[in-house]
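[1] Turn this into a model:
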Amino acid sequence: MAITDLPMLAMLRTRMQWNQARQTVIAENVANADTPGFKPRDLAELRFDKETGRAASTSPSLALTAAGHMAPIGQPSAAGADPRKVKDFEIRPSGNGVNLEDEMMKAGDIQTDYQLAASLYQHSLTTLKIAIGKS
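    Below you'll find the predicted structure:
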């Protein structure tokens, strides 16, 4: 077993990958801020199974198994992405529901969360190297 296969390091890697995917979704929201009828999306919160340490599935029980299949009713088209519940007064007359202030706040939160996970990952590797005598 490699050092990087430890559950804690795997969880940190998964968290960083989730943050990257969420940043992509938020960037798409910002890029489409003026697109008529665009509904902002966000990723479902990442959760870990307490017993295995692996990312817990938050998707519905029905899933697309081939590109030609139709998505179940209520399931978003992108994996893990959910249309946000937008209050009626936030939707512009063009039908666009993107609130740039909210999206920028999310982007800042994502950056902070990613930096924390990356720092913890780096420090964990350093601690392991010290423990095995390789500094």
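[2] Show residues contacting stretch 91-109.
    22-23, 26-27, 29-30, 32-40, 42, 84, 86, 90 (C-beta atoms under 8 Å, 6 or more residues apart in numbering). The way it works is simple: take the backbone N, C-alpha and C, and place the C-beta from them, glycine included.
[3] mind listing which of the residues you listed are in strands?
    Of the contacts of stretch 91-109, the ones assigned to strands by DSSP state E are Asp42.
[4] Quick one: buried ones out of the contacts of stretch 91-109?
    Buried members of these, scored by 16 or more other C-beta atoms under 10 Å, are Arg22, Gln23, Ile26, Asn29, Asn32, Phe38, Pro40, Asp42, Arg84.
[5] ok, the residues you listed vs Lys134, which is closest?
    Gln23 (33.4 Å; C-beta to C-beta).
[6] And the helices in this protein, which stretches?
    Counting by DSSP state H, the chain has these helices, from start to end: 7-31, 100-132.
[7] Out of those helices, which is the most enclosed?
    Compared across these, helix 7-31 shows the largest average neighbour count, a mean of 17 (mean count of other C-beta atoms under 10 Å).
[8] how far off helix 100-132 does that helix point, in degrees?
    Computed by axes from the mean of the first three to the mean of the last three C-alpha atoms, to 10 degrees, the angle separating helix 7-31 from helix 100-132 equals 160 degrees.
[9] could you say what helices and strands helix 7-31 packs with?
    Here helix 7-31 touches strand 41-43, helix 100-132, going by 3 or more C-beta pairs under 8 Å, 6 or more residues apart in numbering; DSSP states H and E.
[10] Nearest to Ile3 among the ones you listed would be which one?
    helix 100-132 (5.6 Å).
[11] that older thread, could you say which one of the helices and strands packed on helix 7-31 comes nearest to Gln17?
    Using C-beta to C-beta, the helices and strands packed on helix 7-31 put helix 100-132 closest to Gln17, at 9.7 Å.
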